[in-house]
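Student: attaching a predicted model along with its sequence, questions to come.
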Amino acid sequence: MTLTNRREPGACSARLYSFLSIGCLASVVSAQDALTVGGVTARRGEKASGYIEVKDGVDPGTRIPVSVVNGARPGPVLALIAGTHGYEYTSIVALPRVLARLEPARMTGSVILVHMVNPTTFFGRRVYYGADNKNQNRVYPGKPDGTLSERIADAITREVIGPATHLADLHCGDGNESLRPYSYWLISGNPTVDEATKQMALAFGLDHIVVDRGRPKDPAASAYTSNTAILRGKPALTAESGGMGLTDEASVAAQEAGALSLVAQLGIMEAPSLRVSRPLWIDRSEVLTAPVAGVWRPAVEKMQSVAAGTLLGRIHDPFGAVLAEVRAPFAGEMLYIVATPPVSKGEPLGFVGQVSETEPRP
Ligand SMILES: [Zn+2]
């Protein structure tokens, strides 16, 4: 399949080329510093957009839209990932805005923007699962001969996480999840990476930060996008802003501004910093899951404070009889609550987090 590879010269090229001989020299040097992601190559000082091809396998393949903004000078390589879940639209809408604001001539380092990890879940309006019934954010590092979600994960691991030095996986509540904004600080046990990841979480600008110590530690079974980067020694953040299939400006703007604040934090390009000075660390949290399939009727809203034992909602059978009541296991805040009726056994219903009085240690 033909690849589109739009390449836009950065403003710096024009400045360089005003000194013709230096311009020729620069183009020789820049060829060595080209950054290639899938079918997209950007030389130093250039932006390029195109696709990572995921070939047909046991099921049909896809093309992942990606942009590469290669700074005029070498430095960190930040990967910004949108649309890991295809019904989570805020990052998908935000990344073209980030792309427009990145100026390669002013950049020391590079940014890789993955606009939509799994296009088939986006165009299919799928919540949680792809057509292969797999959650894209549970199949990393992927398999080259697996089903589509696994082949996509394999492509992202090789083509994006491979060249990146830092990563931000941008999520929101899925199509059924009413969510307040927060970030995850994933603790891996590697002190250097954990400190850098914490700094990324602070830089992104969301003041609620969930401390997550429970991710897999085996790089061959990393499951999650951010965890895949972290277990390869690359600091990585997961951020959540928005939900319910909406693209409200506040949620989209938080994704855009957070990404640019990260770019600034890493010294890649000057941009407004949103660094959080007084974070609310959430060091105890629990995703509550459905004990039975049914019709879910939530009794609380996102951001609501709950006590231990507060009724969060009931699951009914199709005739209206109560099958189960779900209550808060401890006092905290609702980080998200599933706000639409269908639930299957084992699926999330809500996420309770308890703010820590003290700054957590890894
Ligand atoms: Zn997600």
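Tutor: Arrived safely, thanks for sending. Keep in mind it's a predicted model, so treat the numbers as computed, not measured.

Student: the stretch 1-150 of the chain: helices as residue ranges?
Tutor: Here the stretch 1-150 of the chain has its helices, by DSSP state H, counting those that start in this stretch, at 11-17, 20-32, 89-101, 119-123, 148-156.

Student: give me the number of residues near the residue in the stretch 101-250 of the chain positioned nearest to the ion?
Tutor: Residue nearest to the ion within the stretch 101-250 of the chain (C-beta to the ion): His171, separated by 3.5 Å. C-beta coordinates here come from the backbone N, C-alpha and C atoms, glycine included. Neighbourhood size, His171 [other C-beta atoms under 10 Å]: 27.

Student: do the same with Arg213
Tutor: 12.

Student: the one 4 residues further on now?
Tutor: Counted by other C-beta under 10 Å, the residues lying close to Lys217 total 12.

Student: element containing it?
Tutor: Assigned by DSSP states H and E, Lys217 belongs to no helix or strand.

Student: checking the nearest residue to Cys172 once chain neighbours are set aside next. Helix, strand or coil?
Tutor: Spatial nearest neighbour of Cys172, excluding adjacent residues (C-beta to C-beta, 6 or more residues apart in numbering): Gly242 at 3.5 Å. Counting by DSSP: H, G, I helix; E, B strand; the rest coil, the backbone at Gly242 sits in coil.

Student: cool, the one 4 residues further on as well?
Tutor: Three states are possible here, and by three-state DSSP the one that applies to Leu246 is coil.

Student: separation between it and Gly173?
Tutor: 9 Å (C-beta to C-beta, to the nearest Å).

Student: between those two, which one's more packed in?
Tutor: Gly173 (29 against 15).

Student: surely that one is in contact with Ser251?
Tutor: No - using C-beta atoms under 8 Å, Gly173 is not in contact with Ser251; the gap is 9.3 Å.

Student: quick one: end-to-end length of stretch 166-181, please.
Tutor: Using C-alpha to C-alpha, to the nearest Å, one end of stretch 166-181 lies 21 Å from the other.

Student: could you do stretch 137-146 as well?
Tutor: 15 Å.

Student: quick one: buried residues of it?
Tutor: Asn137, Val139, Tyr140, Pro141, Gly142, Gly146 (16 or more other C-beta atoms under 10 Å).

Student: repeat for stretch 195-211
Tutor: So, applying 16+ other C-beta under 10 Å, buried residues of stretch 195-211: 196-206, 208-211.

Student: show me which of those residues neighbour the ion.
Tutor: Checking these against the ion by C-beta under 5 Å from the ion, not one of them is in range.

Student: which members of those residues occur in strands, if any?
Tutor: His208, Ile209, Val210, Val211 (DSSP state E).

Student: give the contact list for Ala164.
Tutor: The contact partners of Ala164, taken as C-beta atoms under 8 Å, 6 or more residues apart in numbering, are Val77, Leu78, Ala79, Ile112, Ala229, Lys234.

Student: the closest residue to the third one other than its chain neighbours: what secondary structure?
Tutor: Taking C-beta to C-beta, 6+ apart as the measure, Ala79 lies nearest to Ala164, with 3.9 Å between them; neighbours along the chain are not counted. With three-state DSSP as the basis, Ala164 sits in coil.

Student: what do you get for Thr157?
Tutor: Judged by three-state DSSP, the three-state class of Thr157 is helix.

Student: does it touch Pro141 like I think?
Tutor: Yes - using C-beta under 8 Å, Thr157 is in contact with Pro141, at 4.3 Å.

Student: list residues touching both of the two?
Tutor: Counting by C-beta under 8 Å, 6+ apart, the residues touching both Thr157 and Pro141 are Thr228.

Student: helix or strand with the lowest mean pLDDT in the chain?
Tutor: helix 11-17 (a mean of 37; mean pLDDT, DSSP states H and E).

Student: worst mean pLDDT among the helices of the stretch 1-150 of the chain?
Tutor: The minimum mean pLDDT among the helices of the stretch 1-150 of the chain belongs to helix 11-17 (a mean of 37).

Student: do any residues in the helix of greatest length in the chain lie close to the ion?
Tutor: In the chain, taking DSSP state H as the definition, the longest helix is helix 249-265. No - Helix 249-265 stays out of contact with the ion when judged by C-beta under 5 Å from the ion, the minimum separation being 12.4 Å.
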